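A.B. asks: Fold the following for me, if possible:
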Amino acid sequence: MGVDPRDLSEEDLLRELRHLHTTRTDTFLHGSDDALARHTSRTNELESEYLRRHPERQVHPERLREGARQR
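C.D. replies: Predicted coordinates for the structure are as follows:
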């Protein structure tokens, strides 16, 4: 089931997140229902841990509604 995200170093957490984001489309298009469900749950686990560690993460202004409206 993978290492508990709380036990991952910052570097390992980011590496795992990048890998999951890279493999998402392939899993979505070609993975079994079980593989897709596990991919989704693992992504949620790792993203939740990242947000727990970085509650004040920098959000790019263009990623907000106001920024999108200005585009």
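
A.B. asks: From here on, just use CA atoms for contacts and neighbour counts.
C.D. replies: Fine.

A.B. asks: Helices of this protein, residue ranges please.
C.D. replies: In the chain, the helices defined using DSSP state H lie at 10-30, 33-53, 65-70.

A.B. asks: weakest of those helices in terms of mean pLDDT?
C.D. replies: Lowest mean pLDDT of the helices of the chain: helix 65-70, a mean of 65.

A.B. asks: For stretch 9-17, which residues meet the burial criterion?
C.D. replies: Neighbour counts over stretch 9-17 (16 or more other Cα atoms under 10 Å) mark 13, 16-17 as buried.

A.B. asks: Pipe the residues you listed into TSV and attach distance to Glu49 per row.
C.D. replies: Compiled in TSV, the buried residues of stretch 9-17 are given as follows (distance: Cα to Cα, whole Å):
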residue	distance to Glu49
Leu13	8
Glu16	12
Leu17	10
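
A.B. asks: Pick the most deeply packed of the helices of the chain.
C.D. replies: Mean neighbour count, computed with mean count of other Cα atoms under 10 Å, is highest for helix 33-53 among these, reaching a mean of 15.
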